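1. give me the fold of what follows.
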Amino acid sequence: MRPLVLAIVGPTASGKSSLAEEVATRLSTSVVSTDAMQVYRGMDIGTAKTPVGERRCPLLMVDVCPVGEDYSVRLFQRDARAAIDSLLAKGEMPVLCGGTGLYLDAVIDQMDFPSGERGSEARERYERLAESEGGDPVWRELERRDPESANLIHPHNVRRVIRALELLDQGDSYAKTHEGLHSRASHYDALIFGLQMKRQRLYRRIDERVDGMFDAGLVDEVMTLRGEGLERSTTASQAIGYKEVLELLDERTTEAEARDLVKMRTRRYAKRQISWFRRDGRVRWLDMDALDTKGAADVVLKGLSDALLERGGCDE
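-> Residues are numbered from 1 along each chain as shown. You can find the predicted model right below:
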């Protein structure tokens, strides 16, 4: 029988971190982040990373990579599974939390990620385009040539967008390669809870979060990270919030325009997150318009208790 893990998913600003922390605290365990950007050290405000002094339980798989380097989903899969297996070996229930669907799937499902060969003429061409003009033109090229694949990849996941374009150049489609995305074999048995709320309320929370990030010093954070090599990473430098502030620092936009762009792009990202998790029939949805954090935690823990009973109590 595969080990059981718990996962809290949903769109950005829906309250995932608070719920996961509440559940993990009650279980006396750790939260394992499955966020593609929280892995970078120093990317704190713009990724809504819970400050160290405010954490009620250990938070794993954050701050594992220098901001000037690229950290692939293949590396994340390896390191996150090691963290999860360590918790399981101690008899603790891992609580996975994040909104990056691919990263969650890479951990809980059987997925193979070839390391890939660097230096191909096509890859270098796409990388030069991303470095000179940012990730959006590269993603738009993928959208033009293969809309189905573009719909599966976040525009700021530049490495994966470039890989999808490479596949197209080879006569293959990323979307076709990943058919049956949510029907693959499992690596862990996962009890997944998703947070949902009325779209208008979610967008209001997103806008408030973005304003809070700027007020908390996002511009200063990006200035510091730029000095630490932020722009050397084709992934981190394209993250929502960081890309726009880099443009602000280069005087290509105003702070008001940057705020509005971050809000708009975050809302679009939230829609893609919702679509991703909706495709996964394993997700049990929690109505956060009717539940507060503690009430939602009660539902999650009851579901976990029931799941353990169905497994014959062998995970207790």
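
2. quick one: contacts for the nearest residue to Val73 once chain neighbours are set aside?
-> Nearest non-adjacent residue to Val73, counting by Cβ to Cβ, 6 or more residues apart in numbering: Ala106, 5.1 Å away. Every C-beta, even on glycine, is put in place using the N, C-alpha and C of the backbone. Ala106 makes contacts with 73-74, 76-77, 80, 113, as judged by Cβ atoms under 8 Å, 6 or more residues apart in numbering.

3. any idea which helix or strand carries Ala106?
-> Following DSSP states H and E, one finds Ala106 within helix 101-108.

4. what sits up against the helix or strand just after that helix?
-> As assigned by DSSP H and E, the chain's next helix or strand after helix 101-108 is helix 121-133. The contact list for helix 121-133, computed with Cβ under 8 Å, 6+ apart, reads 137-138, 141, 158, 161-162, 165-166, 169, 234, 238.

5. quick one: buried residues of helix 121-133?
-> Within helix 121-133, the residues that count as buried by 16 or more other Cβ atoms under 10 Å are 123, 126-127, 129-130.

6. do the same with stretch 212-222
-> 213-214, 218-219, 221-222.

7. out of those residues, which comes closest to Val52?
-> Distance to Val52 across the buried residues of stretch 212-222 (Cβ to Cβ) is lowest for Glu221, with 15.0 Å.

8. what sits against the closest one?
-> Here Glu221 is in contact with 42-46 (Cβ under 8 Å, 6+ apart).

9. report the mean confidence score over stretch 301-312.
-> On average, the pLDDT along stretch 301-312 is 94.

10. next one: stretch 226-246
-> 92.

11. assumed Leu96 was part of a strand.
-> Yes: Leu96 forms part of a strand when assessed by DSSP: H, G, I helix; E, B strand; the rest coil.

12. could you report the neighbour count for it?
-> For Leu96, the count of nearby residues is 26 (other Cβ atoms under 10 Å).

13. neighbours of the nearest residue to it once chain neighbours are set aside, how many?
-> Distances taken as Cβ to Cβ, 6+ apart place Ala7 nearest to Leu96, at 4.1 Å, with adjacent residues excluded. By the criterion of other Cβ under 10 Å, Ala7 has 24 neighbours.

14. just want the most central residue of the chain.
-> Thr100 (2.5 Å; Cα atoms, centre = their mean).

15. so who does it touch?
-> 34-36, 154.

16. ditto for Ala164
-> Neighbouring residues of Ala164 by Cβ under 8 Å, 6+ apart: 142, 146, 149-150, 153, 173-174.

17. of those, closest to Val262?
-> Set against Val262, the nearest of these by Cβ to Cβ is Ile153 (20.0 Å).

18. my read: that closest one touches Leu165, true?
-> No: with contact defined as Cβ atoms under 8 Å, Ile153 does not count as touching Leu165 (10.3 Å).

19. who touches both of those two?
-> Taking Cβ under 8 Å, 6+ apart as the contact rule, Ile153 and Leu165 both touch Leu142.

20. secondary structure element holding Asp85?
-> helix 73-89.

21. which strands or helices does that helix pack on?
-> Helix 73-89 sits against strand 31-33, helix 101-108, with contacts defined as 3 or more Cβ pairs under 8 Å, 6 or more residues apart in numbering; DSSP states H and E.

22. nearest to Met1 among the ones you listed would be which one?
-> Of these, nearest to Met1 by Cβ to Cβ is helix 101-108, at 14.9 Å.

23. and that closest one, average pLDDT?
-> Helix 101-108 comes out at a mean pLDDT of 93.

24. and it with helix 73-89, angle?
-> Orientation check (axes from the mean of the first three to the mean of the last three Cα atoms, to 10 degrees): helix 101-108 against helix 73-89 gives 50 degrees.

25. how about helix 101-108 as PDB, C-alpha atoms only?
-> Output of helix 101-108 as PDB, limited to C-alpha atoms (Å, rounded to 0.1, in the frame of the first residue of the first chain):
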ATOM      1  CA  GLY A 101      -0.400  22.100 -10.100                       C
ATOM      2  CA  LEU A 102       2.500  20.600 -12.000                       C
ATOM      3  CA  TYR A 103       4.700  20.600  -9.000                       C
ATOM      4  CA  LEU A 104       2.100  18.800  -6.900                       C
ATOM      5  CA  ASP A 105       1.500  16.300  -9.600                       C
ATOM      6  CA  ALA A 106       5.300  15.700 -10.100                       C
ATOM      7  CA  VAL A 107       5.500  14.800  -6.400                       C
ATOM      8  CA  ILE A 108       2.400  12.600  -5.900                       C
END
